[in-house]
Structure formats: structure tokens, C-alpha cells
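Engineer: below: sequence and its predicted model.
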Amino acid sequence: MDRIEIEGSTFAHYAAPKVPNIGDKLCAPYLYFRFNLVPSSSLLGRCLVVGGGAIAGAKDLYRDAGYRARIVWAAGTSRAFGARPAQPVPGLLRRGRRRLGQVKRSVIRRVARALGHGEILVASSRDPGSDVFVPCVSCLHEVCDTLRGSGLAVIINENPDVSGETGALLEALRAEYPEVVFATNAMSEDELLNIFARTDRIITNSYHMTYWSLLSGGKVRVIGYSSKLESVLEIFGFSADHLQRYDRGHQAGLEKALRAALDTEDWLSLSDPDAVRTRFRRLNLDFAARVMQAIPDLTITPADHVCGAGGGREALDTRSALTAGGRRTVAGHGEIASA
């Protein structure tokens, strides 16, 4: 996890993971909004923004680091299919229970200290069914406005812990399917935009490739190794049953799923991607307004390069955005298509 200091606020996300991932790189709120604290604010240097991406325990991240305002922006969860919680060694069970009691008391003390010092927490999640649903802020990226082409791409997660060693696999598939674009998510923004402009169909085991392809009007076949791939389908109104599952890191399972996807003509797409994209962007603006309401010292405004996305500056005016709370979901926009 990386922490980046910008104009008095700290942003925590996977900005530079060991294995490059364009999704992690482009899902940070500071790429799309400017966060400005008033010069006299006591929160300068003490305001933390966590997200986006899959971040375990996002609400408690850096809890003891002295931050007075904590914003969790569209952080999600990811649990590998078939993963089982670690079982304690039998002889350590009693000590584990005693330690759990100590942890509980410690958490209670930390919460009490936070309340006593007036800590502010404003949280949202990209996961469906969450109390405050906010889709990934990268819906504001220009890739979601890309005019799609007519080709087919296979884009897989570069991380070997997710996909196994993919070099030989991609080389073999390129020889068998010369008309298909093969790539991994360890790409640049320019490469991302180029591939989306050349294709309208994507087979992938990447959360963000699925997300961006659907929002830009493309079609997808999704191969999944964890709950986050179910989540990205569900926020668009698709059943998780459409996911082709394999065990995380199992290269043979991934290859089998890829070959099956390459030989089918069944695709998922949105009946009205413009409407869904507009709604997802509005949900991010609503959340920005909610944050400003909770933290009066903080002003959040769209970055200049996103002011024209989906409309002019008025369309991205966070001060006039709705701030109604409660559960938000998007459903009924998905459809199953055949090419």
C-alpha cells in the first residue's frame, strides 16, 4: 500500500504495486478530483483518503497514524474462491482466545479515543449491497468514453499469484488466434486506450477491464478467481452465474477457461451504457458532496481534465450534487448478447 501526500491530504492506494496493474493505478480519487483543505485547517496533514481498489480492512487502515479525518472512497473486497480461513494450531487455541480478548479491548479503547478526539469517518464501498454504494471512481476516466472498434481482445491479470506464469500461454494463444489482441493489465494508459479503440469485445479476469469495457459500450466474457469478479457483474445487474470460475493462480484452469471463452459467442453487454456511466459518475459526485458536508474544511472539485467527461463543468459540480444517503444499487441494465 502506498501513501501519497497532495495539498495537505494523504491518499492510500496501490499506486505502484510490485506487479504493474493499470486498474490499481487509475482508481485513485486524486486523479479525478482536487482535494483542498483551508490553510488554517487543523486537518492539514491529518486527512486520509483510502481507495479505490480491493483493500482489506479499508476503514481501519492506518488507524493509529494520527489521522483526524478518514475517507474511504469506493474500496472493495476480494476473497479467492475456495479459500479457507487459517486453522489455529490446537495448542495455541487457548492463547489465541486470550489474545482475541485483548484485541477487542484495544479496539474499544481506540474507538473511544477516536470519538473523544472528534475523528471523522466517511465511508463507501464499490461492493453491491453495501450501506453506501459508490462505484469505482475510474468511471470518470476517458477510457469509459472511448468509441469502441470491432475486434476481440484477451486481457489477463499479469500477477502470477492470480494467473500463473502467462508468458508461454499468451505466446501459444497468439499463434492459434492471430486475429485476437492479447495483452495483460500491466499496460500503459496509451496502450489501454489503443486496445479499447480497436476492439468491442474483451475476455478478461480483470475487474477493471470488465468495468471499463461495459461502461464504454463493449461486450465481455469474464473469468473469475475471486469474489470481486462476481461483484463487478452484480453492480451492472448480471448474475454471478455468468462468471467462468477457476482457482486463483492455477494456470491450467485459467487456460481452460480462456479457450472455452474464445470458442463461444455469448457475451454480456449493457443495453444503455451511457445511462449507467452517467449514473456511476453521479454517484461519485454525490459522495464528494457527502464528504464535504461532513468535513467543512475540505473542498473537492473535479480535475480540469474530467470536467468535460459526460457533460460540461455543470454536470460535474460537486457542490450541487445530491447528498442523500442510504443504499444505492444499479440493476436491470445488463443484457446477454450473441455476436
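Structural biologist: Received, thanks.
Engineer: the stretch 101-250 of the chain: strands as residue ranges?
Structural biologist: Applying DSSP state E, counting those that start in this stretch to the stretch 101-250 of the chain gives strands spanning 120-125, 151-156, 181-184, 199-204, 219-224, 244-245.
Engineer: quick one: which of those strands is nearest Gly82?
Structural biologist: Checking those against Gly82 by CB to CB gives strand 244-245 as the closest, at 9.0 Å. C-betas here are computed from N, CA, C, even on glycine.
Engineer: pLDDT averaged over the closest one - what is it?
Structural biologist: Mean pLDDT, computed over strand 244-245, is 96.
Engineer: partners of it, with directions?
Structural biologist: As defined by DSSP bridges, the strand partners of strand 244-245 come to strand 219-224 (parallel).
Engineer: got a list of contacts for the strand it pairs with?
Structural biologist: 81, 200-205, 209-210, 213-214, 229-230, 232-233, 242-246, 254, 257-258, 261, 264, 266-269, 337, 339 (CB atoms under 8 Å, 6 or more residues apart in numbering).
Engineer: weed out the non-buried ones from those residues.
Structural biologist: Among those, those scoring as buried are 200-205, 209-210, 213-214, 229-230, 232-233, 242-246, 254, 257-258, 261, 267-269 (criterion: 16 or more other CB atoms under 10 Å).
Engineer: thinking again about what came up before, figure out which of the strands of the stretch 101-250 of the chain is closest to Asp60.
Structural biologist: With CB to CB as the criterion, Asp60 lies closest to strand 120-125 of those, at 9.9 Å.
Engineer: the closest one: how far from the chain's middle?
Structural biologist: Centroid separation for strand 120-125 versus its chain: 16 Å, with CA atoms, centre = their mean, to the nearest Å.
Engineer: show me what it is packed up against.
Structural biologist: strand 69-76, helix 273-294 (3 or more CB pairs under 8 Å, 6 or more residues apart in numbering; DSSP states H and E).
Engineer: any idea which of those is most buried?
Structural biologist: Among the helices and strands packed on strand 120-125, ranked by average contacts under mean count of other CB atoms under 10 Å, first place goes to strand 69-76 (a mean of 26).
Engineer: okay, and for this protein, where does confidence drop off?
Structural biologist: 83-117, 307-339 (pLDDT under 70).
Engineer: next, the contact list for Val122, please.
Structural biologist: 69-72, 290-291, 294-295 are the contacts of Val122 under CB under 8 Å, 6+ apart.
Engineer: one more pass at 7 Å, please.
Structural biologist: Residues near Val122 by CB atoms under 7 Å, 6 or more residues apart in numbering: 71, 290-291, 294.
Engineer: if I look at it, how far off is Ile195?
Structural biologist: Using CB to CB, to the nearest Å, we find Val122 at a distance of 35 Å from Ile195.
Engineer: out of the strands of the stretch 101-250 of the chain, nearest to Lys18?
Structural biologist: strand 181-184 (14.3 Å).
Engineer: now, which of the buried ones among the contacts of strand 219-224 lie within helices?
Structural biologist: Counting by DSSP state H, the members of these that fall within helices are 209-210, 213-214, 229-230, 232-233, 254, 257-258, 261.
Engineer: give me the nearest residue to Val132, chain neighbours excluded.
Structural biologist: With sequence-adjacent residues excluded and distances taken as CB to CB, 6 or more residues apart in numbering, Val132 is closest to Ser124, at 4.2 Å.
Engineer: ok, now which ones touch that neighbour?
Structural biologist: Counting by CB under 7 Å, 6+ apart, Ser124 has contacts 72-74, 132, 134, 287.
Engineer: for the spatially closest residue to Tyr225 that is not a sequence neighbour, list the residues it contacts.
Structural biologist: Leaving aside its sequence neighbours, Tyr225 sits nearest to Arg248 (CB to CB, 6+ apart; 4.0 Å). The contact partners of Arg248, taken as CB under 7 Å, 6+ apart, are 80, 162, 225-226.
Engineer: please indicate which of these are buried?
Structural biologist: 162, 225-226.
Engineer: with adjacent residues omitted, what lies nearest to Leu26?
Structural biologist: Using CB to CB, 6+ apart and skipping residues adjacent in sequence, the residue nearest Leu26 is Ser138, 4.8 Å away.
Engineer: cool, and Ser188?
Structural biologist: Ile22 (7.4 Å).
Engineer: which ones are touching the one you found?
Structural biologist: Taking CB under 7 Å, 6+ apart, we find Ile22 in contact with 185, 187, 192.
Engineer: which single one of those residues is nearest to Ala12?
Structural biologist: Of the contacts of Ile22, the one sitting nearest to Ala12 (CB to CB) turns out to be Asn185, at 20.7 Å.
Engineer: distance of the closest one from Glu191?
Structural biologist: 10 Å.
Engineer: which of those two has more residues huddled nearby?
Structural biologist: With neighbours defined as other CB atoms under 10 Å, Asn185 and Glu191 compare such that Asn185 has more, 25 against 12.
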